[in-house]
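J.: Whatever this is, show me its structure:
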Amino acid sequence: MLARDIMHRDVVTVTPETSLGAIARLLVEKRFGAVPVTEDGRLVGIVSEADLLHREELGTERRRNRWLDAFASIETLANAYRSAHGQLARDVMARAVVTAGPDAPLAEIVELMERRHIRRVPIVEQGPDGSERLIGIVTRGDLVRALATLTPASPVMAGDGRLSDRRIRDMLLAELARQPWTDKGAGSVTVLDGVVHLWGTVTNEAESRALVTAAETIPGVVAVRDHTFVASWGADPLML
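T.: Take a look at the predicted model:
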């Protein structure tokens, strides 16, 4: 899936001249965590709840260390003052906004969110003048809703309409073969009447739990029985 498949297209925005009071009310009323700032359709910044935390009105302005201030640049000190005392979006907005294009895969969107510790990614297209024009936004909630609407692909069924034990086992072994955290092979998995049995040693409990998870995600699995145990230095080599 791509960003365009799940993004919000009717994005609520503000301008650089919107007052912080109006933005605060918007965030509360719409239950937003942030709002993009646009100018003539161009994305120029974003204001989030975090940008409104350290405010002089609330008595939450950052307490600065005078000794450290002596080493701070004039630009740093001036920007800090502006963030705490400014009254418009342009005074507090983040200007270096992390964005993605409409054809970005969802995996890329998730990677951006995790790497940059953000909860939303504006979706933009390049305008004729090279500017980024806002066309949508993808939030973590959109990703969760997309997952909720997806249904597993239909597996190949046996003649009686029931997924065969052999097919379940083949699908699980194929899944495990793709994983770098385990080397479980054919001798480690048996399936009887839809119940998966896992055998042999594992490196640690995390591997054991992941094996169970892998089995549980296979269509047609009724239950999983974990018979594995964590290997120790004194284990019988014939059992490894």
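J.: check contacts around Ala3.
T.: Taking Cβ atoms under 8 Å, 6 or more residues apart in numbering, we find Ala3 in contact with 100-106, 109, 121, 123, 136, 138. Glycine gets a C-beta too; all of them are placed from N, C-alpha and C.
J.: For it, which non-adjacent residue is closest in space?
T.: Nearest non-adjacent residue to Ala3, counting by Cβ to Cβ, 6 or more residues apart in numbering: Ala104, 4.6 Å away.
J.: swap in Ala231?
T.: Ala231 sits nearest to Thr201 (Cβ to Cβ, 6+ apart), 4.0 Å away.
J.: What separation do you get for that neighbour and Val212?
T.: As judged by Cβ to Cβ, to the nearest Å, Thr201 and Val212 stand 15 Å apart.
J.: likewise Glu17?
T.: Distance of Glu17 to Val212, given as Cβ to Cβ: 56 Å.
J.: between the two, who's got more neighbours?
T.: Shown here are Glu17 and Val212; by other Cβ atoms under 10 Å, Val212 has more neighbours (16 against 10).
J.: List the buried residues for the helix or strand encompassing the more buried one?
T.: In the assignment (DSSP states H and E), Val212 maps to helix 205-216. Neighbour-count burial for helix 205-216 flags 207-208, 210-212, 214-215 (criterion: 16 or more other Cβ atoms under 10 Å).
J.: Show the pLDDT at the residue nearest to Ala3.
T.: With respect to pLDDT, Ala104 has a value of 95.
J.: Then the one 4 residues further on?
T.: pLDDT, Glu108: 93.
J.: cool, Pro36 as well?
T.: At Pro36, the pLDDT recorded in the model is 96.
J.: Now do the same contact list for the residue nearest to Ala3.
T.: Listed by Cβ under 8 Å, 6+ apart, the contact set of Ala104 reads 2-3, 123.
J.: got TSV for the residues you listed, with pLDDT, distance to Leu88 and secondary structure too?
T.: Putting these into TSV (pLDDT from 0 to 100; distance: Cβ to Cβ, whole Å; DSSP: H, G, I helix; E, B strand; the rest coil) gives the following:
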residue	pLDDT	distance to Leu88	secondary structure
Leu2	92	35	strand
Ala3	94	30	helix
Ile123	97	25	strand
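J.: Could you list the domains of the protein?
T.: Here the domain assignment for the chain is 3-149, 165-239, based on automatic domain parsing.
J.: Gly136 versus the residue nearest to Ala3, what's the distance?
T.: The value you get for Ala104 to Gly136, if Cβ to Cβ is used, is 11 Å.
J.: which residues do the two both contact?
T.: 3, 123.
J.: Output stretch 35-51 as PDB, nothing but the C-alphas.
T.: Coordinates of the C-alpha atoms in stretch 35-51 are reproduced here as PDB (Å, rounded to 0.1, in the frame of the first residue of the first chain):
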ATOM      1  CA  VAL A  35      -1.600  21.200  12.500                       C
ATOM      2  CA  PRO A  36       0.200  22.000   9.200                       C
ATOM      3  CA  VAL A  37       1.000  25.600   8.400                       C
ATOM      4  CA  THR A  38       0.500  26.600   4.700                       C
ATOM      5  CA  GLU A  39       0.900  29.700   2.700                       C
ATOM      6  CA  ASP A  40      -0.800  29.800  -0.800                       C
ATOM      7  CA  GLY A  41      -1.100  26.000  -0.600                       C
ATOM      8  CA  ARG A  42       2.600  25.600   0.100                       C
ATOM      9  CA  LEU A  43       3.700  23.700   3.300                       C
ATOM     10  CA  VAL A  44       5.800  26.100   5.300                       C
ATOM     11  CA  GLY A  45       5.800  24.500   8.800                       C
ATOM     12  CA  ILE A  46       3.900  22.600  11.400                       C
ATOM     13  CA  VAL A  47       2.700  23.400  14.900                       C
ATOM     14  CA  SER A  48       2.400  20.600  17.400                       C
ATOM     15  CA  GLU A  49       1.300  20.300  21.000                       C
ATOM     16  CA  ALA A  50       5.000  20.200  22.000                       C
ATOM     17  CA  ASP A  51       5.500  23.600  20.400                       C
END
